[in-house]
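Chemist: Could you look at this predicted model? Sequence included:
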Amino acid sequence: AGLATLMRPSWLLFIPFAAVIALVFVPQRSKQLQIVGLMIAGVCVTMSPWWVYTYSVAHRFVPTSLQVGASLYDGLSPTANGTSDMRFVAQFETEQREFDATHPPPANQLFEDRLDERMKQASIDWAKQHPQRVLELAGVKFLRIWSPWPNAAEFRSNTLRLVLMVSYIPALILIAAGIWRSRHLGWPLVLLLLPAVYFTLLHVIFVSSIRYRQPALM
C-alpha cells in the first residue's frame, strides 16, 4: 500500500476506507484492528522518506503532494464537466501572485503550497454553494468511468471505441460470473471488490475517464 501510494497518491485512503467497512461488518474486530494497525505502520515506514523530504521543502506535513487543490478544482468547479481541463491553473497563479504582492507570505512558505490551498478552498466553496450540480457531475463521472462505449474526446475513431467496447463487455461478464460463483466467500470477496468501489467514489469527486477503471477492473 505504501509503494502504491508513492506511485499513485490516490491510493492513500484505501486502507482507512476498507478498515471502516471491516470494523462495521466483519466479526473479530480486535483481529481486524491488529491487521489495520500493522498495515498503517507499514505504510508509514514506507512513506516516511517522502514525508521527511516534503517537510524539509514545505515546512509542514504533506501526505502526498501539493496537487490536491488543482485536481479537486478540476473535478468540482464552475467549468467542471467530468473531463480534465487544467487551463484554470494559470488564472489562479496570477491571482495568488497579486495577493502575495499585497500580503507578503511567510518566508519559508512555498508558493505552490499557497496556490494549492487557494484552488482547494475555491473548489470546496463552490461545491457547498452548488450541491445539485455536484450530484449531476457525480452521475456524469460515474458514466464516464464505467461506460462500455468510450466517451472521451481523445477517442476520435469509432473503430477504436468499438474495439475497446468489445474487449470490455466480456470482462464485465466474467467479473459478474466470478462474483456469483464466489458469493459464499463473504468478506474476502467484499475486500476484492472494494478497490472498484473506492476508485468509483474517488472519481465521482475528481475527474473521470475510462483509464481510471483499470485498477478497479484488476
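Modeler: Great, that's in hand. Numbers count the residues shown, from 1 in each chain.
Chemist: biggest helix in the protein, by residue count?
Modeler: helix 29-58 (DSSP state H).
Chemist: Give the buried residues for it.
Modeler: Neighbour counts using 16 or more other Cβ atoms under 10 Å place 32, 36, 39, 43, 47, 50, 54, 58 of helix 29-58 among the buried residues. Backbone N, C-alpha and C define where each C-beta goes, glycine included.
Chemist: swap in stretch 84-103?
Modeler: Buried residues in stretch 84-103 (16+ other Cβ under 10 Å): 88, 92, 96.
Chemist: who's in contact with the last one?
Modeler: Looking back up the chat, that one is residue 96. Neighbouring residues of residue 96 by Cβ atoms under 8 Å, 6 or more residues apart in numbering: 111, 114, 115, 118.
Chemist: if I look at the residue lying farthest from the centre of the chain, how far off is residue 96?
Modeler: Most distant residue from the mean C-alpha position of the chain: residue 102, 34.7 Å away (Cα atoms, centre = their mean). Note on residue 102: its distance to residue 96, by Cβ to Cβ, to the nearest Å, is 12 Å.
Chemist: Please name the spatially closest residue to residue 115 (chain neighbours excluded).
Modeler: residue 96 (4.9 Å; Cβ to Cβ, 6 or more residues apart in numbering).
Chemist: The residue lying closest to residue 26 once chain neighbours are set aside: neighbour count?
Modeler: With sequence-adjacent residues excluded and distances taken as Cβ to Cβ, 6+ apart, residue 26 is closest to residue 187, at 5.1 Å. Other residues near residue 187 come to 14 when the count uses other Cβ atoms under 10 Å.
Chemist: Same check on the one 5 residues further on?
Modeler: Counted with other Cβ under 10 Å, residues neighbouring residue 192 total 14.
Chemist: quick one: contacts of the helix or strand it falls within?
Modeler: Following DSSP states H and E, one finds residue 192 within helix 187-203. Helix 187-203 is contacted from outside by 10, 13-14, 17-18, 21-22, 25-26, 141-142, 145-146, 179, 182-183, 212-213, 215-218, using Cβ under 8 Å, 6+ apart.
Chemist: repeat that with 7 Å
Modeler: The contact list for helix 187-203, computed with Cβ atoms under 7 Å, 6 or more residues apart in numbering, reads 10, 14, 17-18, 21, 26, 141-142, 145, 179, 182-183, 212, 215-216.
Chemist: any idea of the mean pLDDT for that helix?
Modeler: For helix 187-203, mean pLDDT is 93.
Chemist: cool, and stretch 91-100?
Modeler: Rounded mean pLDDT across stretch 91-100 is 96.
Chemist: Distance from that stretch to the middle of the chain?
Modeler: Taking the mean of its C-alpha atoms, stretch 91-100 sits 26 Å from the chain's own mean (Cα atoms, centre = their mean, to the nearest Å).
Chemist: Now that stretch - C-alpha only, CSV.
Modeler: Provided in CSV are the C-alpha atoms of stretch 91-100 (Å, rounded to 0.1, in the frame of the first residue of the first chain):
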residue,chain,number,x,y,z
GLN,A,91,-5.5,32.3,-13.6
PHE,A,92,-5.1,31.0,-10.1
GLU,A,93,-1.3,31.6,-10.3
THR,A,94,-1.9,35.2,-11.4
GLU,A,95,-4.4,35.8,-8.5
GLN,A,96,-2.0,34.2,-6.0
ARG,A,97,0.9,36.4,-7.1
GLU,A,98,-1.2,39.5,-6.9
PHE,A,99,-2.4,38.6,-3.4
ASP,A,100,1.2,37.8,-2.3
